[in-house]
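Visitor: For reference, the sequence and a predicted model appear below.
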Amino acid sequence: MITKYWHIFMAFFIPGILGYGGGPASIPLVQNEVVNRYEWMSVQEFSEMLALANSLPGPIATKMAGYIGYAEGGILGSVIGVFATVAPSLIIMILLVGVLYRYKDSAKVQRLTQYVRPVIAILLGVMAWQFFSESYVGIGLWQTLLITVSSYLLIERMKVHPAFVIGAALIYGGLVLG
């Protein structure tokens, strides 16, 4: 029983360490572990699971780990798979935070922080533009503008929590656009 959970952990921890570039970079590594090494799935089953995982929001690696972990070890297997996926990044972040905290008053670290902020702002802007563009193509200009303006007014002007706005947009999309 314990070896099953250990195998689930290792099947996702190793790709988490070696999958430089995030979730998409770790897909072939997870496939190797799941299909070739542990033989939990066939290539066809893995590709179907990957297609389903890609259709859902969120990071692909954690969705794969949650699904495969659950299929192999139930709820505990799912928790172990997701933890094993995020553990390498978590460990590295803890180590980096310790280093940054130690040198937080350094002029170089403060300058680094100043340089990173505009880059993050630009990346967020590009991502928002891509979402808007894809939405425009998918549901049209008027629906996109309605959801965008409504979301802005609800969040910025009326101070509605973003989770409620996202939920309302999902319901609207399911009832009106679906």
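Guide: Structure received. Residues are numbered from 1 along each chain as shown.
Visitor: Which other helices and strands does the helix or strand hosting residue 111 contact?
Guide: According to DSSP states H and E, residue 111 maps onto helix 107-139. On a contact count with 3 or more CB pairs under 8 Å, 6 or more residues apart in numbering; DSSP states H and E, helix 107-139 meets helix 141-152. From N, CA and C alone the C-beta is placed, and that goes for glycine too.
Visitor: Taking helix 107-139 as reference, get the angle to the helix it packs on.
Guide: 140 degrees (axes from the mean of the first three to the mean of the last three CA atoms, to 10 degrees).
Visitor: returning to what we had before: okay, buried residues for the helix holding residue 111 please.
Guide: Neighbour counts over helix 107-139 (16 or more other CB atoms under 10 Å) mark residue 135 as buried.
Visitor: again, but for stretch 81-90
Guide: Counting neighbours by 16+ other CB under 10 Å, one finds that the buried residues in stretch 81-90 are 81-86, 88.
Visitor: Make JSON lines from these and add secondary structure to it.
Guide: Formatted as JSON lines, the buried residues of stretch 81-90 follow (DSSP: H, G, I helix; E, B strand; the rest coil):
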{"residue": "81", "secondary structure": "helix"}
{"residue": "82", "secondary structure": "helix"}
{"residue": "83", "secondary structure": "helix"}
{"residue": "84", "secondary structure": "helix"}
{"residue": "85", "secondary structure": "helix"}
{"residue": "86", "secondary structure": "helix"}
{"residue": "88", "secondary structure": "helix"}
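Visitor: Where do the domain boundaries of this structure fall?
Guide: Using automatic domain parsing, the domain parsing of the chain gives 2-102, 107-177.
Visitor: Most tightly packed of the ones you listed?
Guide: domain 2-102 (a mean of 16; mean count of other CB atoms under 10 Å).
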